[in-house]
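A.B. asks: can you look at this prediction? I've put the sequence above it.
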Amino acid sequence: MIKVGVLGGRGRVGTEVCRAVEAAADMELVASVDAEESLAPLAAADVVVDFTNPGVVMENLRFLIEHGVHAVVGTSGFEPDRVAQLREWQAATPGSKILIAPNFAIGAVLMMHFAQQAAPFFESVEVVELHHPNKLDAVSGTSYHTAELISEARAKAGTGPSPDATVQELDGARGANVEGVRVHSVRLSGLIAHQEVLLGGSGEVLTIRHDSMNRESFMPGVLLGVRKVAGLGDDLVVGLDPLLGL
């Protein structure tokens, strides 16, 4: 049995994680911790799933690293400096492995993979992400990671920047610039989590879109991460791709 702890256990996604862990035959929920509560019970876990927020996730992970507990992280906000900091902590206190997934929905992982494959073949590419209005960050972690993958693929292939003749712009109208890729954020009641990648070339447009209709869509990926994190080849992995053989 894998002993599992959940950070953010009373949140919308955390509640689903607790339910999924309790329903899994090979897992035992040993701790569920929420805001302002002691992290101490998490030391009894083999793996902790973190769905909190960018403001507290680093201290959560520092505690887990210091106690040799593996982590599966769905909280966003992991820019390169944060990843580098985690690696420093892991080097100082070896023993825990961390899986950070910008999105746990299998379809979303495939969307990012397909976008990365297609990006070098089109002159233009932009990303639109759409979420519920209670989401704390913009752009989303998924769209940020998607833009990173697209930028990397285009640079490797020698594809130039997307053409853009804009010279007069209302502040923010062209979205965020993530490594040369424009990312636009929509926050709207009724949405859960959605993203589309728009790729344009001569006389054609390719749209790659993923929609999460409910938070249960993240659970297969979360449980996969819990089962596989201890066996990761690297101490810190970003994305579910290696676990899916991509």
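C.D. replies: Sure thing, it's come through.
A.B. asks: what segments of this structure are helices?
C.D. replies: For the chain, helices defined by DSSP state H occupy the ranges 12-23, 57-66, 80-92, 106-118, 141-157, 219-228.
A.B. asks: need the ones you listed in JSON lines (columns: mean pLDDT, distance to Gln168 and mean neighbour count).
C.D. replies: All C-beta spots, glycine's among them, are computed from the backbone N, C-alpha and C. Compiled in JSON lines, these are given as follows (pLDDT from 0 to 100; distance: least, Cβ to Cβ, whole Å; neighbours: other Cβ atoms under 10 Å):
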{"stretch": "helix 12-23", "mean pLDDT": "94", "distance to Gln168": "40", "mean neighbour count": "18"}
{"stretch": "helix 57-66", "mean pLDDT": "96", "distance to Gln168": "39", "mean neighbour count": "19"}
{"stretch": "helix 80-92", "mean pLDDT": "94", "distance to Gln168": "32", "mean neighbour count": "13"}
{"stretch": "helix 106-118", "mean pLDDT": "96", "distance to Gln168": "30", "mean neighbour count": "19"}
{"stretch": "helix 141-157", "mean pLDDT": "95", "distance to Gln168": "24", "mean neighbour count": "21"}
{"stretch": "helix 219-228", "mean pLDDT": "96", "distance to Gln168": "43", "mean neighbour count": "20"}
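A.B. asks: contact partners for the residue nearest to Leu29 when sequence neighbours are not counted?
C.D. replies: Excluding the flanking residues, the one nearest Leu29 by Cβ to Cβ, 6 or more residues apart in numbering is Val21, at 4.7 Å. Applying Cβ atoms under 8 Å, 6 or more residues apart in numbering, we find Val21 in contact with 4, 6, 27-29, 49, 223, 226.
A.B. asks: buried subset of those?
C.D. replies: 4, 6, 27, 29, 49, 223, 226 (16 or more other Cβ atoms under 10 Å).
A.B. asks: and the second one, how far from Gln168?
C.D. replies: Okay, so that is Val6. Look at Val6 and Gln168: by Cβ to Cβ, to the nearest Å, they are 49 Å apart.
A.B. asks: over to the fifth one?
C.D. replies: Between Val49 and Gln168 the distance is 46 Å, computed by Cβ to Cβ.
A.B. asks: how about the contacts made by the residue most central in space within the chain?
C.D. replies: For the chain, Pro102 is the residue whose C-alpha lies nearest the centre (Cα atoms, centre = their mean; 0.8 Å). Residues in contact with Pro102 (Cβ under 8 Å, 6+ apart) are 76, 78, 112, 140-142, 144-146, 238-239.
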